[in-house]
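*Asks:* pasting the sequence and the predicted coordinates here, then a few questions.
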Amino acid sequence: MSKFFITTPIYYANEAPHIGSAYTTLVADVLSRAHRQFGEETYFLTGTDEHGAKIAKKAEQASQHPKEYVAKIAAEFRQTWDLLGIKPNVFVRTTDKNHQYLVGQVIQLLYDKKLIYPGRYQGWYCVACEEYKEIPTGSKSAGSNPKTAPLCDIHRQPLEIIEEKVYYFALSRFQDQLIKIITAETLKIRPVERKNEALAFLTGEPLRDLPVTRSKVSWGIPVPFDPDQTVYVWFDALLNYLTFSGRNVDLAALQGRQTWWPASLQLLGKDILRFHAVIWPALLLGLELPLPSQLFVHGFFTINGAKMSKTTGNVIKPAKLVNRYGAEATRFLILTAFPFGADGDISWAKLDAAYTAYLANGLGNLLQRTVVLIRKFGLKPQTEAAAIAGVTKAYLANDLTGAIQQTIIMIDETNHYLAVKQPWAIKNQAKRETVLIKTVAALLGIAEAITPLLPRTAAAIKRQLNRLQPQPLFRRLV
Ligand code: MSP
C-alpha cells in the first residue's frame with residue numbers, strides 16, 4: 001500500500017488558533033482523509049511550537065510559567081481542531097521529553113561533524129518571527145531604540161538588536177546543493193512561483209551561516225555541548241518533523257528509515273518559505289536524511305488587506321464561524337474562501353453568500369428535493385454511486401481547489417438535471433424512475449466526493465437516502 005505523510009507547520013503556542021492557522025490544518029486534514037479514502041496509508045502531523053523568546057515573553061505577561069502557559073494554549077489548539085473535525089495522527093508539542101532529547105542528539109551530531117561551530121552574532125532580530133533579519137543598510141547605528149529601529153515587514157513592529165555568543169550552522173556549505181535539488185525538483189516546491197522565489201534567495205547572494213543557539217533565552221532546549229546556550233527555536237521546531245515521525249523515534253530509527261519520514265507533502269505559509277526551502281533541506285543534507293517530496297506554500301487570510309495574525313490581534317477565531325455556520329460548513333467556507341496557494345481577503349458577507357449558494361441552496365436543496373420525491377413516488381433508492389474519478393484524481397494529486405470545484409460542479413449539474421427533467425411532472429412511471437435513479441446515483445457520488453471535506457454531511461446524505469426522512473442539511477442563515 002502506498003504511503004502518504006503530510007505535515008503542517010507547528011503553530012506558536014503564544015495565542016489560541018485563528019482561521020489562518022485553521023486553514024493549513026484543515027487542508028492537511030482533508031488531504032489526509034482523501035488519501036486514506038482512496039486507498040493509501042496516511043500519517044498526518046500537526047502541533048504546537050512551544051519554546052523561544054516570543055512565548056516566554058507572552059507567558060510572563062500572563063504571569064505564568066511558560067510550561068503552564070503553553071500547556072493551556074496547546075489544549076486550545078486541540079479543542080479547536082476537535083471542534084472542526086480535524087483528526088491528526090500525531091499532535092506535536094516541542095516541550096515533549098523525547099523531542100527535547102532527540103534535538104540535543106541532533107545538534108551534537110552536527111557539532112561532531114563540524115557543521116556547527118562557535119561564534120558571535122550581532123544584528124537584527126524579529127521576536128514575532130523569531131528570525132534573524134539582514135541588517136538594513138544605514139540602520140545599524142539606530143541601536144535597539146524602538147523609535148528608530150527598522151520595522152519587521154511582516155509584523156510592522158520594531159526589530160531588536162541582539163549581540164551574543166552563539167553556535168552557527170554552516171548553511172553556506174549547502175548553497176550549491178540546495179540550488180541543484182530545487183531546480184531538479186528532487187525537492188519539489190509548489191506553486192511554481194514559490195520555487196522561483198526560493199531559487200531567487202539561493203542564487204542572489206552567498207548564504208550566510210545561521211545561528212542555531214541563543215545565549216539569552218532560557219526557555220529552550222539546553223545545548224548539550226554548552227550548557228549556557230539553548231537551541232534556537234526554529235532549529236528545535238523544524239526537527240519536529242523528524243522527532244514525531246513515529247512513536248518514540250530515535251536517531252537509529254531515523255537513520256534506518258524506520259519511521260514515516262520523509263514526508264510526502266509539507267504545507268506552509270509563504271512567510272516561512274525560507275525556513276522550509278533553505279534551512280530545513282540543508283539540515284537534512286547535513287544529517288544525511290532524505291528530503292521531503294514536496295513543499296506546498298499557501299497564501300494568507302487577510303482582513304482589509306492585512307495578514308490575520310496573533311501578534312497583530314486582527315483575528316477571527318474558528319469558533320465564531322462554527323457558531324454561525326456549524327462545523328461542517330465552516331470547513332467548506334474556510335477552504336473555499338480562495339484558491340489553494342493564493343491570498344484571500346475574507347468578509348462575513350462573502351462567507352454568508354457562499355454558505356447560502358453552495359451549501360443551503362446547492363447541496364441542501366438537492367438532497368431535500370430528492371428525498372421528498374423518492375418518498376412521494378415510492379422508489380427504492382438503492383443504487384450505485386456515480387463515478388467520481390475526476391475528484392479522486394484531483395485529491396490524489398493534492399489539487400484541493402480542483403477537487404472541491406469538481407464536487408461543486410457535480411452538485412450544480414445534478415440540480416440542473418432535476419430542474420430540466422422535472423421528475424415530479426413526468427407521468428410515465430418508468431421514465432420518472434430512471435430520472436430519480438440517476439439523481440440518487442449522482443447524490444451518492446457527491447457523498448463520496450465530499451467525504452474528505454464534509455465527512456458528517458456525507459454520512460447524513462447516505463442516511464437520509466436510506467431512511468427517507470428529509471431534514472435540512474444546512475439550516476437557513478438568519
Ligand atoms: N512556529 C512557526 C512554524 C514552525 S514549523 C517548523 C510559525 N508559527 S505560526 O503560528 O506563526 O504560523 C504557522 C503557520 O500558520 C504558517 O504557515 C503561517 O503562514 C500560517 N498562518 C499564520 N497566519 C496566517 C494567515 N493569516 N493566513 C494563512 N496562514 C497563516 O511560523
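*Replies:* Yep, it's here. Numbering: from 1, shown residues only.
*Asks:* who are the contact partners of the residue of the stretch 101-250 of the chain found nearest the ligand?
*Replies:* The ligand sits closest to residue 237 of the stretch 101-250 of the chain, with a gap of 3.9 Å, by Cβ to the nearest ligand atom. Any C-beta I mention is one placed from the backbone N, CA and C, and that applies to glycine too. Under the criterion of Cβ atoms under 8 Å, 6 or more residues apart in numbering, the contact list for residue 237 reads 10, 49, 51, 94.
*Asks:* residue numbers of the protein in contact with the ligand?
*Replies:* Residues of the chain lying near the ligand by Cβ under 6 Å from any ligand atom: 9-12, 20-21, 23-24, 49, 237-238, 240, 268-269, 271-272, 300-301, 307-309.
*Asks:* can you redo the contacts of residue 237 as JSON lines with pLDDT and neighbour count?
*Replies:* Shown next, in JSON lines, are these (pLDDT from 0 to 100; neighbours: other Cβ atoms under 10 Å):
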{"residue": "10", "pLDDT": "98", "neighbour count": "23"}
{"residue": "49", "pLDDT": "98", "neighbour count": "25"}
{"residue": "51", "pLDDT": "98", "neighbour count": "28"}
{"residue": "94", "pLDDT": "98", "neighbour count": "27"}
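*Asks:* return the subset of these lying in helices.
*Replies:* Among the contacts of residue 237, DSSP state H puts none in helices.
*Asks:* so of those residues, which ones are in strands?
*Replies:* Among the contacts of residue 237, the members falling in strands are residue 49 (criterion: DSSP state E).
*Asks:* tell me where the model's unsure across the chain.
*Replies:* Low-confidence segments of the chain (pLDDT under 70): 135-147, 310-311, 382.
*Asks:* find the closest residue to the ligand in it.
*Replies:* For the chain, Cβ to the nearest ligand atom, closest residue to the ligand: residue 269, 1.7 Å.
*Asks:* check contacts around the closest residue to that residue other than its chain neighbours.
*Replies:* Spatial nearest neighbour of residue 269, chain neighbours left out: residue 298 (5.9 Å); criterion: Cβ to Cβ, 6 or more residues apart in numbering. Counting by Cβ under 8 Å, 6+ apart, residue 298 touches 23-24, 27, 267-270, 340-342.
*Asks:* what do you get for residue 189?
*Replies:* 182, 195, 198, 277, 294-295, 297.
*Asks:* got it, and residue 432?
*Replies:* Applying Cβ under 8 Å, 6+ apart, we find residue 432 in contact with 377, 423, 426.
*Asks:* that one is in what secondary structure piece?
*Replies:* Counting by DSSP states H and E, the element that carries residue 432 is helix 429-450.
*Asks:* return the set of buried residues in that helix.
*Replies:* By neighbour count with 16 or more other Cβ atoms under 10 Å, helix 429-450 contains the buried residues 432-433, 435-450.
*Asks:* then stretch 238-249?
*Replies:* Neighbour counts over stretch 238-249 (16+ other Cβ under 10 Å) mark 238-246, 249 as buried.
*Asks:* kindly report the same for stretch 452-469.
*Replies:* 452-455, 457-458, 460-462, 464-465, 468.
*Asks:* and stretch 32-39, by the same measure?
*Replies:* By neighbour count on 16+ other Cβ under 10 Å, the buried set for stretch 32-39 is 32-38.
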